[in-house]
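Student: Make a model of this:
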Amino acid sequence: MTENKLRILVVTQYFWPENMRINDLVRDFAESGHEVTVLTGLPNYPEGSIFPDYKSNPAAFKEYCGARVVRVPLVPRGTRNLSLILNYLSFFFSASILGATKLRNQKFDAIFVYAVSPIMAAIPAVIIGRMKKVPVFIWVLDLWPETLRAVGVVRNPSLLALVGRMVSWIYNRADYLLLQSKGFGENVKQYCTKDICPERLVYFPSWAEDDFSFSSTTSDLLVRDSTVFTIVFAGNLGEAQDFPAVLDAAESLREKVPVRWVIVGDGRMSKWLSEQVVARGLSNVLLLGRHPLSAMPGLFACADALLVSLKTNDVFEKTIPGKVQAYLASGRPILGMINGEAARIIEESGAGFSCSSGDAKGLARVTLKLATTDVGQRDIMGQAGRSYYLNHFSKPALMTRLEKLFRNATLRKGAK
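Tutor: Purely as a prediction, here's the structure:
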């Protein structure tokens, strides 16, 4: 290893052309001169089927911004719980066996795991790390097995306990656990050995993709309309986002104030949303479908407020949805129907208003409050959010910090 160049293996079930924050990290490290390899699966998130562009030309997806991309087969996530479980298991097995085989002759200085669900995606990294005697960093973005219970994928206590033992096995074999939220600390510690070194638990939050740091005033998806208060939701359309409550709020405000609700994204609730918008006659709700990340800054510029919503439970309250950072970076006011860490950030930053998770009446109330707030004051709120983002979630500072962690861990590993 030279002083300036690191050989980094990134293990992630999700990767470009899927819209994921890990794409940003890989690009930045590769463009900084590091040798980056990505071990990932076949792109199928969030629709649940393999992307047509990939199926027609897999060779076009073997490199990303100078990083080598190694893909292994998996079962697409589909639309049912069973297919989702098979999706999780298939990547774990495929990456552990085929992935490790494909990488057998390659050397690394650090292994980084993008640990959104499923946590089993970290097992191939642990195996490869042990084989190659390389430090393993797991970026903990979801709490397992708590998340499985929270979203209803697994309810059996014995099965949840079994998953908990697997999580403990993974955490205790990683060199560093990077926590995306300060609220994750106690949950993670309960699966670690009692004598875990505090230095192994590192607060490492998410950032917004670079696109949101540059101002854009036009959008091909939406026309700016000053006669109506425009709210934009962008992201995964899943059960956790509580769209029944969002539509209830939209319906209750329909006759009170001119508001349009713009929902961008795709996911397991897409069909339900389309059916409900028609059934309720919600002409003030626009479903724009899935669009690339590059289209979001212009869309956000057409919004008067950006919406983040999440169902309530003890797991979600400790989580900061990635869109919160993107919203803050965009300099637009935020509306939150959410509890916990995300609500704290909205309040602490002064970027907008929030109400409790699942509170449709509360969402209608804070929406009406923001819609009737002076435009100048709304601009001040948006800029307050932008300033908060730069002070707490600056990507350059986080990347520098992560690179330093990689170097220090590599030196320690080599000294043993």
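Student: For the longest helix anywhere in the chain, which helices and strands make contact with it?
Tutor: Across the chain, the longest stretch assigned as helix under DSSP state H is helix 395-415. Judged by 3 or more CB pairs under 8 Å, 6 or more residues apart in numbering; DSSP states H and E, helix 395-415 is in contact with helix 21-31, strand 110-115, strand 136-140, strand 176-179. C-beta coordinates here come from the backbone N, C-alpha and C atoms, glycine included.
Student: now with 10 Å?
Tutor: For helix 395-415, the packing partners by 3 or more CB pairs under 10 Å, 6 or more residues apart in numbering; DSSP states H and E come out as strand 7-11, helix 21-31, strand 110-115, strand 136-140, strand 176-179, strand 201-203, helix 375-392.
Student: tell me the domain boundaries of the chain?
Tutor: Under the assignment automatic domain parsing, the domains of the chain span 7-207+394-415, 210-392.
Student: Please state the offset of the longest one from the chain centre?
Tutor: Meaning domain 7-207+394-415. How far domain 7-207+394-415 lies from its chain's middle: 12 Å, per CA atoms, centre = their mean, to the nearest Å.
Student: hmm, back to that, what mean pLDDT does the longest helix of the chain get?
Tutor: The average of the pLDDT scores along helix 395-415 is 84.
Student: how about the domains of the chain in TSV, adding mean neighbour count?
Tutor: Below are the domains of the chain laid out as TSV (neighbours: other CB atoms under 10 Å):
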stretch	mean neighbour count
domain 7-207+394-415	18
domain 210-392	19
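Student: now the longest helix of the chain against strand 136-140, angle please.
Tutor: When axes from the mean of the first three to the mean of the last three CA atoms, to 10 degrees is applied, the directions of helix 395-415 and strand 136-140 differ by 140 degrees.
Student: Strands along the stretch 201-350 of the chain, start to end?
Tutor: Taking DSSP state E, counting those that start in this stretch, the strands of the stretch 201-350 of the chain run over residues 201-203, 229-234, 259-264, 285-289, 305-309, 334-337.
Student: Could you do the stretch 1-150 of the chain as well?
Tutor: Remark: strands assigned in the stretch 1-150 of the chain by DSSP E, counting those that start in this stretch are 7-11, 35-40, 63-64, 67-71, 110-115, 136-140.
Student: just to revisit the earlier point, can you add distance to Gly99 and give the strands of the stretch 201-350 of the chain back as JSON lines?
Tutor: Formatted as JSON lines, the strands of the stretch 201-350 of the chain follow (distance: least, CB to CB, whole Å):
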{"stretch": "strand 201-203", "distance to Gly99": "26"}
{"stretch": "strand 229-234", "distance to Gly99": "32"}
{"stretch": "strand 259-264", "distance to Gly99": "33"}
{"stretch": "strand 285-289", "distance to Gly99": "32"}
{"stretch": "strand 305-309", "distance to Gly99": "34"}
{"stretch": "strand 334-337", "distance to Gly99": "38"}
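Student: mind putting the ones you listed in CSV, mean pLDDT included?
Tutor: Output for these, formatted as CSV (pLDDT from 0 to 100):
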stretch, mean pLDDT
strand 201-203, 94
strand 229-234, 97
strand 259-264, 97
strand 285-289, 96
strand 305-309, 97
strand 334-337, 98
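Student: between these, which gets nearest to Lys404?
Tutor: With CB to CB as the criterion, Lys404 lies closest to strand 201-203 of the strands of the stretch 201-350 of the chain, at 11.0 Å.
Student: Partner strands of the closest one and their direction?
Tutor: Based on DSSP bridges, the pairing partners of strand 201-203 within the sheet are strand 176-179 (parallel).
Student: Can you show me the CA trace of the partner strand as CSV?
Tutor: The C-alpha trace of strand 176-179 is given here as CSV (Å, rounded to 0.1, in the frame of the first residue of the first chain):
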residue,chain,number,x,y,z
TYR,A,176,-15.6,-0.9,13.3
LEU,A,177,-19.3,-0.3,13.5
LEU,A,178,-20.2,3.1,12.0
LEU,A,179,-23.6,4.3,13.3
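Student: please renumber so the chain begins at 7
Tutor: Renumbered: residue one is now 7, and that last one reads strand 182-185.
Student: Quick one: name whatever helix or strand follows it.
Tutor: Once the chain leaves strand 182-185, the next helix or strand it forms, by DSSP states H and E, is helix 191-195.
Student: Ala73 is in contact with Asp30, correct?
Tutor: No. Taking CB atoms under 10 Å as the definition, Asp30 is not a contact partner of Ala73, at 11.8 Å.
Student: what is in contact with those two at once?
Tutor: Shared contacts of Asp30 and Ala73 (CB atoms under 10 Å, 6 or more residues apart in numbering): Trp22.
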